[in-house]
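Q: Compute the structure for the input listed below.
(one chain, ligands or ions: 2)
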Amino acid sequence: MKNKKVIISCAITGAIHTPTMSSALPYTSNDIAQQAIAAAEAGAAIIHLHARHPETGEVSVDPEHFMRFLPRIKQSTDAVVNITTGGSLKTSIEDRIEPARRTSTEMCSMNMGSMNFSFHPLADRYKKYKFDWEEDYIRKSENYVFKNSFADIAKVAEELGGKHHVKFEHECYDVGHLYNLKFCVEQGMFKAPLFIQFVLGILGGIGSEIENLIFMKQTADRLFGDGYEWSVLGAGSAQMKLAPIAAEMGGNVRVGLEDSLYIDRGQLAASNAEQVLKIRGLLEARGFEIATPEETREKLNLKGYDQVSF
Ligand code: KMH
Ligand code: ZN
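A: Numbers count the residues shown, from 1 in each chain. Ligands and ions are numbered 1, 2, ... in the order given. From the prediction side, this is the model:
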């Protein structure tokens, strides 16, 4: 066995994919809860969650929608819940942080810079959509600027980190975002151990070539020394390609239908748990052990499940 235990995060539904793209993508509260629990049972120590409107599958930042599945997940697993502050294409930073604030979650996402964030090329793949909102939502992402200014970051840090002791998953979609994070650390916004997610392969961010992962890692080493843990999220087909490489480089991994709908080339995944089991198998075959939620809490210095309000 290798020394380091690998933390598997699983991102259950996200804000990019829509119900037409895969019948496995969960959007009812029941499906989100069930898939989250199954992903945790399969070995995910961290469950990253967005909410959806339970009838239409539209992305929702309504805390009530989160509260329909969070207590069930907490009752059934001890996995760390990580709530998005990314929101959807239409929402303000105040609305985006509300679910994590109301639930005082252990972890939440923290997007480390403003950028184009687009998935409009997906629209031409589908002739008929299940719901009216989907095509327009996907096409409008061509004009979407994902705003995460320094003032926005400071607000999230103060509201969630300062007042609620929420630990951040710092989403870095490009090398410049690491320098944004360094600046914020110097301003006193965040403390070690940082948890950095290198996000590769989003249209608007850095590409998913292995050279880019190495460059991100080298840059983060230079900026943060041993004061950080890191993980890799490869979008689409980069998901299963980059995850084992990340583990070999000393990192952790994120899978889930938020980031890729596939289990293999051209083959849709049946569930989030299927992706977790696949990456777990790939890692164990390479001699890695998988971190439990408790080991993850300790490594990332989390406040604990008894401190959340759901
Ligand atoms: N959708 C991923 C590329 C967030 O939720 O704040 C990044 C993400 C952002 O998970
Ligand atoms: Zn997300």
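
Q: Going by C-alpha atoms from here, please, whenever you check contacts or count neighbours.
A: Will do.

Q: pretty sure K140 is touching H120, no?
A: Yes: the pair K140 and H120 qualifies as a contact (C-alpha atoms under 8 Å) at a distance of 6.9 Å.

Q: So which of the two has more stuff around it?
A: H120 (19 against 14; other C-alpha atoms under 10 Å).

Q: and the more buried one, backbone torsions?
A: Dihedral pair for H120: phi -60, psi -30, per degrees, to the nearest 10.

Q: and what of M67?
A: phi -70, psi -10.

Q: contacting residues for it?
A: Listed by C-alpha atoms under 8 Å, 6 or more residues apart in numbering, the contact set of M67 reads F310.

Q: can you pull the contacts of the residue of the stretch 101-250 of the chain found nearest ligand 1?
A: Residue nearest to ligand 1 within the stretch 101-250 of the chain (C-alpha to the nearest ligand atom): S109, separated by 4.7 Å. By C-alpha under 8 Å, 6+ apart, the contact set of S109 is 82-86, 168-171.

Q: And what about it, helix, strand or coil?
A: Recorded secondary structure, S109: strand (DSSP: H, G, I helix; E, B strand; the rest coil).

Q: all helices of this structure, in order?
A: 29-42, 63-67, 70-76, 93-103, 133-140, 150-156, 163-164, 175-186, 210-224, 238-248, 272-285, 293-300 (DSSP state H).

Q: Quick check: closest non-adjacent residue to the residue in the stretch 1-150 of the chain positioned nearest to ligand 1.
A: Proximity of the stretch 1-150 of the chain to ligand 1 (C-alpha to the nearest ligand atom) peaks at G86, 3.3 Å away. Of all residues not flanking G86 in the chain, R96 sits nearest, at 6.2 Å (C-alpha to C-alpha, 6 or more residues apart in numbering).

Q: likewise L300?
A: Spatial nearest neighbour of L300, chain neighbours left out: P193 (6.1 Å); criterion: C-alpha to C-alpha, 6+ apart.

Q: burial of the one you found, as a residue count?
A: Residues lying near P193 (other C-alpha under 10 Å) number 17.

Q: Ok, the one 3 residues further on next?
A: For I196, the neighbour count with other C-alpha under 10 Å is 24.

Q: where does the residue of the stretch 1-150 of the chain closest to ligand 1 land on pLDDT?
A: pLDDT for G86: 96.

Q: Hmm, it is touching M110, no?
A: Yes: look at G86 against M110 with C-alpha under 8 Å: they come within range, at 7.5 Å.

Q: in this protein, which ranges drop under the pLDDT threshold?
A: 1-3 (pLDDT under 70).

Q: which bits of it sit near ligand 1?
A: Counting by C-alpha under 6 Å from any ligand atom, the chain comes close to ligand 1 at 14, 84-86, 109-111.

Q: let's see it at 8 Å
A: Counting by C-alpha under 8 Å from any ligand atom, the chain comes close to ligand 1 at 11, 14-16, 48-50, 83-87, 108-111, 171, 173, 199, 202, 233, 235, 258-259.

Q: Need the residues that contact stretch 181-193.
A: For stretch 181-193, the surrounding residues in contact (C-alpha under 8 Å, 6+ apart) are 112, 154, 157-158, 161, 223-224, 227-229, 300-301.

Q: okay, the contacts of S109 in a markdown table with neighbour count and distance to G287 next?
A: Output for the contacts of S109, formatted as a markdown table (neighbours: other C-alpha atoms under 10 Å; distance: C-alpha to C-alpha, whole Å):
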| residue | neighbour count | distance to G287 |
| --- | --- | --- |
| N82 | 24 | 27 |
| I83 | 30 | 30 |
| T84 | 27 | 32 |
| T85 | 24 | 34 |
| G86 | 24 | 34 |
| F168 | 28 | 29 |
| E169 | 24 | 26 |
| H170 | 22 | 28 |
| E171 | 23 | 28 |
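
Q: so how many other residues sit close to the residue nearest to G86?
A: If you count neighbours by other C-alpha under 10 Å, R96 ends up with 21.

Q: Ok, V175 next?
A: Around V175 there are 18 residues (other C-alpha under 10 Å).

Q: what does D259 give?
A: Neighbours around D259, by other C-alpha under 10 Å: 26.
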